[in-house]
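> Make a model of this:
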Amino acid sequence: MTLPPKVHQKGPSLYYVHKNKWTRLCAADAREEVIHGELWKLLSKGFDTLSGVMDDYVANRLHKLALSTQRDYYIIIEKRLKGHFGHVRPDDVSSQDCAVYLELREQQGHGARANREMAVLSSVYNHAMRIRAASSNPTYGVRRNKEEPRTFYVTDESLRLAMRNSTP
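Below is the predicted model of the structure:
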């Protein structure tokens with residue numbers, strides 16, 4: 001069996017070596033999937049739940065977006081996604097879970113909004129893959145809810161009427 005990069009055997013154990021720091025992974029006679037699992041846990045930066053990944057996304061990636069997008073993404077993450085997916089480990093969310101979420105929101109009458117929420121979740125998962133907290137993005141390949149274009153054209157007169165009747 002070939003060991004992964006930076007993994008070395010020292011006595012009866014396997015170690016991950018990075019910058020002269022030796023971190024024990026497992027016994028040298030462990031199965032290959034155990035070795036890779038321990039290596040994955042070590043390199044995933046300790047994100048046990050998707051909520052932690054979302055917090056890291058807000059802290060490190062959100063500021064690179066436009067201000068209005070930042071506000072929308074933050075609200076979606078805090079009010080919708082954390083409540084539904086926050087308690088789950090990142091690799092435990094499946095494409096089927098995403099499809100069920102879209103269907104649930106469609107039944108609640110928020111199909112188009114659910115598409116935006118799925119886009120935010122996809123961005124969170126792209127970030128999770130960059131920081132090794134997830135191995136894949138479960139939102140890929142999930143068909144979004146159908147959206148209908150608006151049929152009402154806002155005329156100047158209807159806009160003036162709305163502006164006249166609204167509060168400052």
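> now the helices for the protein?
Using DSSP state H, the helices found in the chain span residues 32-43, 50-60, 67-76, 82-85, 95-107, 111-130, 156-165.
> For residue 147, which of these is the nearest?
Among these, helix 111-130 comes nearest to residue 147, with 4.8 Å by C-beta to C-beta. Every residue, glycine included, has its C-beta placed from N, CA and C.
> Which strands or helices does that closest one pack on?
helix 50-60, helix 67-76, helix 95-107 (3 or more C-beta pairs under 8 Å, 6 or more residues apart in numbering; DSSP states H and E).
> again, only using 6 Å
If contacts are counted by 3 or more C-beta pairs under 6 Å, 6 or more residues apart in numbering; DSSP states H and E, helix 111-130 sits against helix 50-60, helix 67-76.
> follow-up on the earlier one: any chance of TSV for the helices of the chain, columns mean pLDDT?
Output for those, formatted as TSV (pLDDT from 0 to 100):
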stretch	mean pLDDT
helix 32-43	82
helix 50-60	92
helix 67-76	95
helix 82-85	94
helix 95-107	96
helix 111-130	95
helix 156-165	92
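> Adding distance to residue 15 and mean neighbour count, write these out as JSON lines.
Formatted as JSON lines, the helices of the chain follow (distance: least, C-beta to C-beta, whole Å; neighbours: other C-beta atoms under 10 Å):
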{"stretch": "helix 32-43", "distance to residue 15": "10", "mean neighbour count": "14"}
{"stretch": "helix 50-60", "distance to residue 15": "26", "mean neighbour count": "19"}
{"stretch": "helix 67-76", "distance to residue 15": "40", "mean neighbour count": "14"}
{"stretch": "helix 82-85", "distance to residue 15": "34", "mean neighbour count": "16"}
{"stretch": "helix 95-107", "distance to residue 15": "36", "mean neighbour count": "16"}
{"stretch": "helix 111-130", "distance to residue 15": "25", "mean neighbour count": "18"}
{"stretch": "helix 156-165", "distance to residue 15": "68", "mean neighbour count": "9"}
